[in-house]
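Asker: Return atomic coordinates for the entry below.
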Amino acid sequence: QKFVQANKHWFPLEFVQMEAVLFEEHLAVTKTNTYGDASKWQDHTSEIKVPGMPYNKFASHRAAVCMPYDTTIFLFNEIYSANMPVLVPKDLWRWMIGPSTSPSMEFRFDWEHRHPSHIHGPGPQHEPIPQSSPFFASVHQPMGVEQALEWAAYCDWAMLPHVLYFTGVPDLFLQLMGTDTLRMTSAKMRAFNDEELVLALNSWRNVAHRLLYALRLDAPFS
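Answerer: Predicted structure coming up:
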């Protein structure tokens, strides 16, 4: 924000913290002047909890800049489903150390004495998954860089299409000012999300048909 304020005569962008949006929304909905003991979002040091998310206000912004502090963050998927361009650091493995990567969640598997079908499943064979644990954080120990690099490629941040990656703050600013690229990215995200919605509806429709068919088979003859 200090950079923006010092260069507002030529830098056209303004950054808004998600906490600021949630804080102002809470004040507007509850018609109060404070949240807890805070009258400004900067003074509120704990988690901001609101009954609803103002997705329309989030979606009115040019893009979202996210720091992937864990492998799975629901807000990322919600922003993505709104067709809002999402920018994240390119070196994902450096950031994803959160509750899901704690040592207690380590994946254990007897690779040598298990049948291949237990690894690949009954479907077509595929490339073997990494044998290292995806939960690479360890208490008071350095990060396992090889494990982090290996498993970072399997998170939504890396696998969903049309996510934008930046290598540093200058690169981030340049991408955010590329209006045409952001619009094209949003259009591609919309096409992908629409296709996924159709596929999901078809899958659930097939499930409903099978359940109805099973009920008919169980019904007594009159």
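Asker: Tell me where the model's unsure across this structure.
Answerer: For the chain, the stretches flagged by pLDDT under 70 are 103-141, 218-222.
Asker: where do the strands sit along it?
Answerer: 64-65, 86-89, 164-166 (DSSP state E).
Asker: Packed most tightly, which of the ones you listed would that be?
Answerer: Ranked by mean neighbour count, those are led by strand 86-89 with a mean of 20 (mean count of other CB atoms under 10 Å). All C-beta spots, glycine's among them, are computed from the backbone N, C-alpha and C.
Asker: That one pairs with which strands?
Answerer: strand 64-65 (parallel), strand 164-166 (parallel) (DSSP bridges).
Asker: what's the last one in contact with?
Answerer: For strand 164-166, the surrounding residues in contact (CB atoms under 8 Å, 6 or more residues apart in numbering) are 63, 85-90, 172, 175, 185.
Asker: Next, give me the two most distant ones among these.
Answerer: 89 and 185 (17.0 Å; CB to CB).
Asker: rewinding a little: Throw the contacts of strand 164-166 into CSV and include distance to residue 55, thanks.
Answerer: Shown next, in CSV, are the contacts of strand 164-166 (distance: CB to CB, whole Å):
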residue, distance to residue 55
63, 15
85, 15
86, 14
87, 19
88, 19
89, 24
90, 27
172, 23
175, 23
185, 19
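Asker: just these now: which is nearest residue 39?
Answerer: Distances from residue 39 to those, taken by CB to CB, are shortest for residue 63, at 29.2 Å.
Asker: where's that closest one relative to residue 97, distance?
Answerer: 25 Å (CB to CB, to the nearest Å).
Asker: swap in residue 42?
Answerer: Residue 42 is 26 Å from residue 97, by CB to CB.
Asker: More neighbours: which of the two?
Answerer: Ranked by neighbour count (other CB atoms under 10 Å), residue 42 and residue 97 place residue 97 first, with 18 against 11.
Asker: tally of neighbours for residue 34?
Answerer: That count, for residue 34 with other CB under 10 Å as the rule, works out to 13.
Asker: Could you pull up the residues touching it?
Answerer: residue 27.
Asker: Could you measure from it over to residue 27?
Answerer: On the measure of CB to CB, residue 34 and residue 27 end up 8 Å apart.
Asker: Repeat that for residue 178.
Answerer: 34 Å.
Asker: just residue 209 next, same as before
Answerer: From residue 209 to residue 27 the distance is 48 Å (CB to CB).
Asker: Between these two, which has more neighbouring residues?
Answerer: Neighbour count, other CB under 10 Å: between residue 209 and residue 27, residue 27 has more, with 15 against 10.
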